[in-house]
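1. model the following, please.
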Amino acid sequence: MTEGEKQFFNAVSLYLVLMIGMSLTFGFEAMAIDLRWWILSRRERSLRDIDEILHADSLTTVSSLLGRKIWYKIRNFTWDWDLGTMITSCLLWILLNIGAQVAIASVGLTYSVDTAEKMAHMSRGNVSYPNMTQFFPVKLPDGRASINNVGAQQYTANSFGMMALNLWSATQPIPEPATIYKSGLTADLFGINKRSWVFVFMDTSSDGLTSAYSDRTIESTLSCESYPVLEGGNGNFENLNISKNGNSEALKVKLPTAAGPDQTTFFTVPFTTCGEGCSIVEELEASANEPWYYKCNITVGPVINAQNANQEVSLPLRHMSSAAIALQGYAANPEPNNTQYRIYVSESTYGYPRNESADDFGYQISYFAIGAIAAAANSNNPSIYAIGDRPVIGTQLKITQHALLLGLLIGLVSVQAVCFITTAFVANRVVVKDESVFSTASTLRPVMNSLGDHGNVADGEQICDVLNHLRLRYTAVQDEKDRSVWKVGLSNAERLRRFPDLKMYD
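-> Below you'll find the model as predicted:
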């Protein structure tokens, strides 16, 4: 999410929480309004209790009723079942309302809107791409202004390949496009089936602060053969005799130099090719006991999913990187073929003996080649600025407590459902009056008739004081003239566990 989307989400989530809270509050109030008539029907009560029960939808009134009942118990040191039921009911009702609001508020503790750590938000904007037309030398000597010197580029290619040892390689799947790249924390190179290496290009914001993996990849592949050395394999001779295809007949190979034992000499002819982006690299694994000769075709392919010239890697750079492990920047052999070579001791990563395994040998050369590409793209080559998919660090919704969130939502729905079913079952035992003042007034008519022509401007407190002697319950009584007709109201009549059917009322 962008910053604007984050603010919108926060506003919507706050609105939803408030709406859920109000919905629960109104739901509990509606249940209380229906239940109050059943509560009034259970026993005879004073007018003050009746007045407060009729206002039971208000937590303030319920709290007042609870406090008055507790004070009555403390003052008179009395206790009965009805008093205990009233106190318990008030406590449960208050705790239920408070608990529901606490549960709703706790929903906000189960998630957070944090800075995105894995995926970037991609939007059109200025993006920097590495200039992959050639290898750019790190430094230029005084008096040499040209960066196009081939020898300097070849030396740079080899140096960048050595830098690949500092890159993080992995055989894990290639990351999805827009995955945030963090140097030293996320992989740079990806090994594929022990036969090739892949480098994933990054899209980088023009300020250089944010990089994310793109869908553009470049791959180096290998094809190697290994041959046992029959003569000259101890490193002290420039001429070798090797056995090809297991035949006893020797095939002669000339080395650019005799570098001694316990080392590996890589050599190539820079301007020869075995195809587009392909170089032939030969190696001698010198040993007094088991020397081996290898011949590899290393290919660096084109950029996959490149959409414009700024995203391409030039053919000369691909060809040079495929032979980078053997390049040193100048011809080391006086013969016209311009052979170049590099020597790696057997204790080094690239010189470690592979003991006949052509695939292992080619795998490390392929790694060297793609590492040179990666180092050029990520570290040294100048940038080209153009319009593209610009990565932006956004925000993401993170649910930190899945179980708690699920429990709160299920709990809230379940409690409200149980309360609704219970209310419907209990309240239907009596005639539930609606909230109209006229409907309530008709029920209270017998009480108000006790005042006669007085008390027209008295408030509720004064009326309760005057009629404090009355003890009434909500019940149904038969009409004195027509016994088949029932009337509901406040009276001293006996309690009915269930009121008659509504069709029988006047």
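2. switch to C-alpha atoms for all contacts and neighbour counts from now on
-> Fine.
3. quick one: the helices in the stretch 301-450 of the chain?
-> Per DSSP state H, counting those that start in this stretch, the stretch 301-450 of the chain carries helices over the ranges 315-322, 358-375, 402-427, 437-449.
4. now render these as a markdown table, adding mean pLDDT, mean neighbour count and distance to K118.
-> Conversion of these to a markdown table gives the following (pLDDT from 0 to 100; neighbours: other Cα atoms under 10 Å; distance: least, Cα to Cα, whole Å):
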| stretch | mean pLDDT | mean neighbour count | distance to K118 |
| --- | --- | --- | --- |
| helix 315-322 | 95 | 25 | 31 |
| helix 358-375 | 91 | 26 | 21 |
| helix 402-427 | 86 | 14 | 20 |
| helix 437-449 | 77 | 13 | 61 |
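5. looking at the ones you listed, which is closest to G161?
-> Nearest of those to G161, taken as Cα to Cα: helix 358-375 at 4.1 Å.
6. what residue lies at the spatial centre of the chain?
-> Centroid check for the chain by Cα atoms, centre = their mean gives K398 as the closest residue, at 5.8 Å.
7. tell me how far that residue lies from G108.
-> According to Cα to Cα, to the nearest Å, K398 stands 11 Å off from G108.
8. can you check T264 too?
-> T264 sits 63 Å away from G108, going by Cα to Cα.
9. that older thread, how much space between the residue nearest to the centre of the chain and E117?
-> From K398 to E117 the distance is 11 Å (Cα to Cα).
10. lowest-confidence helix or strand of the chain?
-> Within the chain, confidence by mean pLDDT, DSSP states H and E is lowest for helix 59-76 among all helices and strands, at a mean of 68.
11. continuing past that helix, what's the next helix or strand?
-> Scanning the chain past helix 59-76 towards its C-terminal end, the next helix or strand to appear is helix 81-107 (assignment: DSSP states H and E).
12. what residue spans form the domains of the protein?
-> Here the domain assignment for the chain is 3-111+399-504, 121-393, based on automatic domain parsing.
13. and the helix or strand hosting Y15, which residues are buried?
-> Under the assignment given by DSSP H and E, the secondary-structure element containing Y15 is helix 3-42. Residues of helix 3-42 classed as buried by neighbour count (16 or more other Cα atoms under 10 Å): 6, 17, 20-21, 24-25, 28-29, 31-42.
14. against which helices or strands is that helix packed?
-> Using 3 or more Cα pairs under 8 Å, 6 or more residues apart in numbering; DSSP states H and E as the contact criterion, the secondary-structure elements in contact with helix 3-42 are helix 47-54, helix 81-107, helix 402-427, strand 473-478.
15. centre of the chain versus that helix, how much separation?
-> When distances are taken as Cα atoms, centre = their mean, to the nearest Å, helix 3-42 is centred 30 Å away from the chain's centroid.
16. distance of I33 relative to D51?
-> In this structure, I33 and D51 are separated by 13 Å, where distance is defined by Cα to Cα.
17. and for Q263?
-> Going from Q263 to D51 by Cα to Cα gives 102 Å.
18. who's more crowded, those two?
-> Each of Q263 and D51 has its neighbours counted (other Cα atoms under 10 Å); Q263 has more, 23 against 16.
19. thank you, goodbye.
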